[in-house]
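Asks: one predicted model, sequence on top.
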Amino acid sequence: MKIFAVNSSARPQGQSKTKLMLDHLVVGMRDAGAEVEVVDLRDKDIRYCIGCYTCWTRTPGVCLHRDDMTAELYPKFLESDVAVLATPLYHFTVNAQMKAFIERTLPAIQPFFRESKGLIYHPLRGRHPMIVMLSVAGFPQRSVFDQLSSWVNFIYGSGGGLAAEIYRPLAEALVLPFFKDKADDILDATAQAGREIVQTLQVSPATMGRITQDIAEDNNVFLKTVGNLMWKTCIEEGVTPREFEEKGLVPRPDSLEGFMAVMTLAFNRDAAGDTRAVMQFVFSGEVEETCHLRIAGGRISGHAGPAGNPDITVHAPFSVWMDILTGRADGQQLFQEGGYSADGDLNLLMRMTELFGR
Ligand SMILES: Cc1cc2nc3c(=O)[nH]c(=O)nc-3n(C[C@H](O)[C@H](O)[C@H](O)COP(=O)(O)O)c2cc1C
């Protein structure tokens, strides 16, 4: 089986979640014996279709543009048995680069009007690859792909030309260390989807279920706390999300809920091992509230309010503790200088960086 995969994300390798998913799909496809070529549209010169219909009249099947689409991509698309169209979801559909690519496949159809079941359509000029649509989105709900799916089924599915649709919501979370286990399973399932497409030209419901599984315990809460804090921190620091990631910045909590969410995400269960501890935080200043974190069996949970019998209690101005949390201030130095105080098992204080190193 010859497969031609087109990635339309404008982001580079390492940042693009479309490419991340596509890479795994391709691993599975090659594993199952397919010959796969991957092309990144960001490296290609593709002009817009200008609607001249030269490809339907003067030179049937050949576009008048002289660019990478005419010279390289379109012939490879036509020769393939399966074409993977991989795109980030932009405004609930394919992005502009992918739309430009798809529009430039107009030479694949003929101008004549035919009728089937009361609907007028243009027939194919010759052979056309089966289509696999792959897309990733920022929003968490699976329904964000409804419009794209409806459109893709309309243009490719009606003649039986759509082999599979692979959609991953909340794709930005795939690279967060906290979600590594889930992300590994999602990416492993994507490779499995690649194998299944080569073997059966479809993806099983079980594999699809793994690809679209929820990544956070509560996606909406995750986005409303940590997601919003990330954007707020980007704006305050004047950095893009990519720079935020590269600089290893930490979202700066501005509420007790935000603090507990960030601490939960930062928790390193491997470092915690069999540690059992209750850590209480009594904040003053801009947030005058108390909360506690319970660590047991490699898991952590955050609770508003005081703990019955904490192993350690930290008394700190909220802004001071957030400076420490985000790496703006040195926790040990501030402790010695009396910037905050702690009572109980001070060994837990010493292990803070290790326990919350993620
Ligand atoms: C212009 C633009 C439009 C977007 N529109 C949507 C959208 O409609 N729905 C959504 O869930 N995410 C949307 N996103 C988020 C992207 O789909 C998401 O960040 C995705 O991971 C990007 O894929 P990439 O990393 O391969 O470029 C949009 C992003 C941009 C920049």
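Replies: Nice, I can see it.
Asks: return the residues of this structure in contact with the ligand.
Replies: Residues of the chain lying near the ligand by C-beta under 6 Å from any ligand atom: 9, 11, 16-18, 88-92, 136-139, 144, 171-172. (Glycine included, C-beta is placed from N, CA and C.)
Asks: inside strands: which ones of the residues you listed?
Replies: Counting by DSSP state E, the part of the residues of the chain next to the ligand found in strands is 88, 136.
Asks: I'd like to know how far residue 212 sits from residue 270.
Replies: From residue 212 across to residue 270, the span is 28 Å (C-beta to C-beta, to the nearest Å).
Asks: who's more crowded, those two?
Replies: Set side by side, residue 212 and residue 270 show more neighbours around residue 212, with 17 against 9, by other C-beta atoms under 10 Å.
Asks: residue contacts, that one?
Replies: Residue 212 sits next to 142, 167-169 when contact means C-beta atoms under 8 Å, 6 or more residues apart in numbering.
Asks: how far away is it from the ligand?
Replies: 13 Å (C-beta to the nearest ligand atom, to the nearest Å).
Asks: quick thing: my sequence starts at 38, can you match it?
Replies: In the new numbering, first residue 38, that becomes residue 249.
Asks: can you say which of the contacts of residue 249 are buried?
Replies: Among the contacts of residue 249, those buried by neighbour count (16 or more other C-beta atoms under 10 Å) are 204-206.
Asks: of those, closest to the ligand?
Replies: Using C-beta to the nearest ligand atom, residue 206 comes nearest to the ligand of the buried ones among the contacts of residue 249, at 6.8 Å.
Asks: now do the contacts for the closest one.
Replies: Contact partners of residue 206, counting by C-beta under 8 Å, 6+ apart, are 173-174, 176-179, 181-182, 249.
Asks: put the buried members of these into a ChimeraX selection.
Replies: In ChimeraX, this line selects whichever of the contacts of residue 206 come out buried by 16+ other C-beta under 10 Å:
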select :173,174,177,181,182,249
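Asks: could you identify the most distant pair in the contacts of residue 206?
Replies: 173 and 178 (13.7 Å; C-beta to C-beta).
Asks: contacts for the helix or strand in which residue 136 is found?
Replies: If you go by DSSP states H and E, residue 136 is part of helix 133-140. For helix 133-140, the surrounding residues in contact (C-beta under 8 Å, 6+ apart) are 43, 45, 47, 78-79, 83-86, 106, 110, 122, 124, 127, 130-131.
Asks: look at the residue sitting furthest away from the middle of the chain and report its pLDDT.
Replies: The centre of the chain is farthest from one residue, residue 95, which by C-alpha atoms, centre = their mean lies 43.9 Å away. For residue 95, the pLDDT comes out at 98.
Asks: please tell me how far the closest residue to residue 81 other than its chain neighbours sits from the ligand.
Replies: Ranked by C-beta to C-beta, 6 or more residues apart in numbering and with sequence neighbours excluded, the top spatial neighbour of residue 81 is residue 105, at 4.2 Å. Note on residue 105: its distance to the ligand, by C-beta to the nearest ligand atom, is 20 Å.
Asks: need the per-residue pLDDT for residue 105.
Replies: So, for residue 105, pLDDT stands at 98.
Asks: what separation is there between it and residue 143?
Replies: Residue 105 is 16 Å from residue 143, by C-beta to C-beta.
Asks: residue 114 too?
Replies: Remark: distance between residue 114 and residue 143 (C-beta to C-beta) = 12 Å.
Asks: what of residue 306?
Replies: Residue 306 is 53 Å from residue 143, by C-beta to C-beta.
Asks: tell me which of the two has more neighbours.
Replies: residue 143 (19 against 15).
Asks: quick one: the strands in this protein, in order.
Replies: With DSSP E as the criterion, the chain has strands at 39-44, 72-77, 119-125, 151-153, 156-158, 167-173, 199-205, 314-321, 327-333, 336-341, 349-354, 378-381.
Asks: ok so, going back, next one: the helix holding residue 136 to chain centre, how far?
Replies: Counting by C-alpha atoms, centre = their mean, to the nearest Å, helix 133-140 is centred 21 Å from the centre of its parent chain.
Asks: tell me which residues of it are tucked away?
Replies: Quick answer for helix 133-140 (16+ other C-beta under 10 Å): 134-139.
Asks: I'd assumed residue 66 was in contact with residue 236.
Replies: No - using C-beta atoms under 8 Å, residue 236 makes no contact with residue 66, being 9.9 Å away.
Asks: more neighbours: which of these two?
Replies: Neighbour count, other C-beta under 10 Å: between residue 236 and residue 66, residue 66 has more, with 26 against 14.
Asks: which ones are touching that one?
Replies: Counting by C-beta under 8 Å, 6+ apart, residue 66 touches 38, 40, 73, 231-232, 234-235.
Asks: how about it, nearest residue that isn't a chain neighbour?
Replies: Nearest residue to residue 66 in three dimensions, chain neighbours excluded: residue 231, at 4.0 Å (C-beta to C-beta, 6+ apart).
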